[in-house]
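> What follows is a predicted protein model with its sequence.
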Amino acid sequence: ADVPSVNMLSMAFVAIGAVGVLLLLILVVSIIAVNRYHKNKTEQMAFKL
């Protein structure tokens with residue numbers, strides 16, 4: 001009975017790790033997108049001025 005529980009535990013850790021990596025990737029992509037958006041906005045503002 002110990003082997004299946006260990007297997008489930010390792011699978012749970014792998015799933016949590018995958019979710020964590022996915023969230024980190026989404027966070028990085030969103031930060032890059034926001035930075036590019038703000039950079040474009042500031043360049044447009046400077047061009048208008």
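Sure, I can see it.

> which stretches of the protein aren't confidently modelled?
Applying pLDDT under 70 to the chain flags residues 1-2, 48-49.

> which residues of it fall in helices?
All helices of the chain, identified by DSSP state H, fall at 2-48.

> Near residue 41, how many other residues are there?
Residue 41 is flanked by 10 other residues according to other Cβ atoms under 10 Å. C-beta here means a position set from N, CA and C on the backbone, and glycine is covered the same way.

> Quick check: it vs residue 31, distance?
Separation of residue 41 from residue 31 (Cβ to Cβ, to the nearest Å): 16 Å.

> same question, residue 6
The gap separating residue 6 from residue 31 is 37 Å, by Cβ to Cβ.

> for residue 46, same thing?
According to Cβ to Cβ, residue 46 stands 22 Å off from residue 31.

> do residue 8 as well
Distance from residue 8 to residue 31, by Cβ to Cβ: 35 Å.

> before we move on, what about residue 13?
Using Cβ to Cβ, one gets 27 Å for the distance from residue 13 to residue 31.

> Then residue 10?
Using Cβ to Cβ, residue 10 is found at 32 Å from residue 31.

> Could you list the buried residues of stretch 7-17?
Buried residues in stretch 7-17, counted by 16 or more other Cβ atoms under 10 Å: none are found.

> C-alpha coordinates for it, PDB please?
What follows is stretch 7-17, C-alpha atoms only, in PDB (Å, rounded to 0.1, in the frame of the first residue of the first chain):
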ATOM      1  CA  ASN A   7       3.700   7.300  -6.600                       C
ATOM      2  CA  MET A   8       0.700   9.600  -6.100                       C
ATOM      3  CA  LEU A   9       2.800  11.900  -4.000                       C
ATOM      4  CA  SER A  10       5.500  12.200  -6.600                       C
ATOM      5  CA  MET A  11       2.900  12.800  -9.300                       C
ATOM      6  CA  ALA A  12       1.400  15.500  -7.100                       C
ATOM      7  CA  PHE A  13       4.800  17.200  -6.800                       C
ATOM      8  CA  VAL A  14       5.300  17.000 -10.500                       C
ATOM      9  CA  ALA A  15       1.900  18.500 -11.200                       C
ATOM     10  CA  ILE A  16       2.500  21.300  -8.600                       C
ATOM     11  CA  GLY A  17       5.900  22.000 -10.200                       C
END
